[in-house]
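**Q** Predicted coordinates and the sequence they were generated for:
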Amino acid sequence: MSRRTRAGNNDIFDAPIPGDVLSALGKLGIEIVGEDSENWRIPCPAHLRRKGREDRNPSCYVHKDTGVFLCFSCAFKGPFVRLAEEIRGEGADDAAQWVSEQGVIDRAVRLLAGETYARKRETEEVTESHLALFTEPPAKALASKGITAEAARRFEILWDPKRKYWIFPVRDENGRLLGWQEKGKDHFLNYPEGMQKGDSLFGLQALEGEEGVLVESPVDTAVLWTAGIAGGLAPYGAILTPKQLRILGGRLSRLVDAHDNDHDGKRERRKVFDHFHGTGLIVRYFDYGDLAVKDPGEMTPEENRAAYKNAYHPMMRRLSTFGRR
Ligand SMILES: [Zn+2]
C-alpha cells in the first residue's frame, strides 16, 4: 500500500478538521509542550516508527485552527486526520470518522458567527481553585535557581509536580488571577492564551514601599529577594506596555532597572529612563560592571547586592567615564 493510498482522501483541503484542535489533541493523548501564536508544539507521534527513537526534543507543530501539522525533524506531516490515523492505528477511514465526530459542526457554526478560536480562549475564566493543582517548588528546583522557599512564597512562585514546571501566577493590579505562565526545560506557555498579562507586573502584590527593581524574568524577583533586595518586578518579557509604565509611575518614586545585561536589555533600559526622565520617578541602572552575566539569575547574592548598591544614574556614569579619559 502506497503512502498516497494509505492517507486515503486525507487531502489537506478535503479532510475533516476537528472543531477544537486542542481538545482533539488531548483526546488522542498528545501532550502539548509549547506553543507560538499559531501552533501547538507536540512530541512527534511518528518519530519512533520513522526514525527508530522517541522524539526527545519535540519539533512537531500543529496549526491551532486548521489542525495541519509538520514535524521539522522527520518531515511527518499532513492534515489532522493523518495524525489521528498514526495514533489510533485503525486506518484512514477510521481516523476520518473519528475526527468528523470531534465537533466539526460546532466549528462551522462558530465560523459563521464570526467567532474565532483565539477569541474563545481569551474569554476563558480562571479561578483561584486552579492553583490548587500546584505545590510549592521542591528544594532541588529552588536550589537550582538559587532561591529560598521563603522567597518563592513571597512572590507566589509555584510548581506543577506532575509535569515539573515552574508556575508563575499572573494577577492584575488588584490581585485578581488572570492565569499563569508555565516554564520548564523546552517548555513555555501562557495559560490561558491571550490573557492580558501586559496589564500588570509580576511581583506587584509583594511590593511594599516606593522602590522597585525591574527584572525581565519572574523568577529573578525571588533571586533578588534571596539576596536581601525587595521590590522585584517583572513585566513578563523585555518590553514594557504603556499600562505597565503607568503602573510603575503611579506606584514608585525610585526604580532600579535590571533589564538583561545584553544589547536588547540596554536598549529597553534606555527607553525606561527616557520615559521617566523629568517625572518624579528617579531611574538608576543596576550595575552589572564587568560581569559576563545575562541577568540577576546568573549572579551570586553577593554580586546582586553589589550591583544593586552601585546602581547609577546613567548621566552620571557617562560624565564620570568621560572625566577618566
Ligand atoms: Zn517526527
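**A** Ah, there it is.
**Q** Going by C-alpha atoms from here, please, whenever you check contacts or count neighbours.
**A** OK.
**Q** Just give the number of residues close to residue 139.
**A** Neighbourhood size, residue 139 [other CA atoms under 10 Å]: 11.
**Q** Give me the distance between it and the ion.
**A** The gap separating residue 139 from the ion is 35 Å, by CA to the ion, to the nearest Å.
**Q** who are the neighbours in contact with the closest residue in space to that residue that isn't next to it in sequence?
**A** Nearest residue to residue 139, sequence neighbours excluded (CA to CA, 6 or more residues apart in numbering): residue 149, at 7.6 Å. Counting by CA atoms under 8 Å, 6 or more residues apart in numbering, residue 149 touches 136-137, 139, 142.
**Q** nearest to the ion, of those residues?
**A** Relative to the ion, the closest of the contacts of residue 149 is residue 137; by CA to the ion it sits at 32.5 Å.
**Q** Identify the residues contacting stretch 172-190?
**A** Contacts of stretch 172-190 (CA under 8 Å, 6+ apart): 33-35, 57, 125-128, 164-171, 191-192, 195-197, 199-201, 204-205.
**Q** typed the wrong thing, it's stretch 193-212
**A** With CA under 8 Å, 6+ apart, stretch 193-212 has contacts from 118, 121-122, 154-155, 170-173, 175, 178-179, 218, 221, 230-236, 240-241, 243-244, 247, 251-256.
**Q** how far away is whichever residue of the stretch 151-300 of the chain sits closest to the ion from residue 137?
**A** Nearest residue of the stretch 151-300 of the chain to the ion (CA to the ion) works out as residue 186 at 16.5 Å. Per CA to CA, to the nearest Å, residue 186 is found 18 Å from residue 137.
**Q** pLDDT-wise, which helix or strand of this structure ranks last?
**A** For the chain, scoring each helix and strand by mean pLDDT, DSSP states H and E identifies helix 3-6 as the least confident one, at a mean of 40.
**Q** Buried residues in the helix or strand just after that helix, which are they?
**A** Using DSSP states H and E, the helix or strand that follows helix 3-6 in sequence is helix 21-27. Residues of helix 21-27 classed as buried by neighbour count (16 or more other CA atoms under 10 Å): 21-22, 24-25.
**Q** now stretch 34-44
**A** 34-35, 39-44.
**Q** and for it, what are the contacting residues?
**A** 30-33, 55-65, 71, 186-189.
**Q** Quick one: end-to-end distance for it.
**A** 13 Å.
**Q** before we move on, the earlier item: and the contacts of stretch 34-44, which are buried?
**A** Neighbour counting by 16+ other CA under 10 Å classes 30, 32-33, 55, 58-65, 71, 188-189 among these as buried.
**Q** Mind picking the two most distant members of those residues?
**A** 55 and 65 (23.8 Å; CA to CA).
**Q** any idea how far residue 301 is from residue 37?
**A** According to CA to CA, residue 37 stands 36 Å off from residue 301.
**Q** Residue 239 too?
**A** Residue 239 is 26 Å from residue 301, by CA to CA.
**Q** sorry, back to before: quick check: of the buried ones among the contacts of stretch 34-44, which lies closest to residue 315?
**A** residue 188 (37.3 Å).
**Q** The closest one - that's part of a strand, no?
**A** Yes. Under DSSP: H, G, I helix; E, B strand; the rest coil, residue 188 falls within a strand.
**Q** If I look at it, what pLDDT would I see?
**A** On pLDDT, residue 188 comes in at 86.
**Q** distance of it from residue 39?
**A** Distance from residue 188 to residue 39, by CA to CA: 13 Å.
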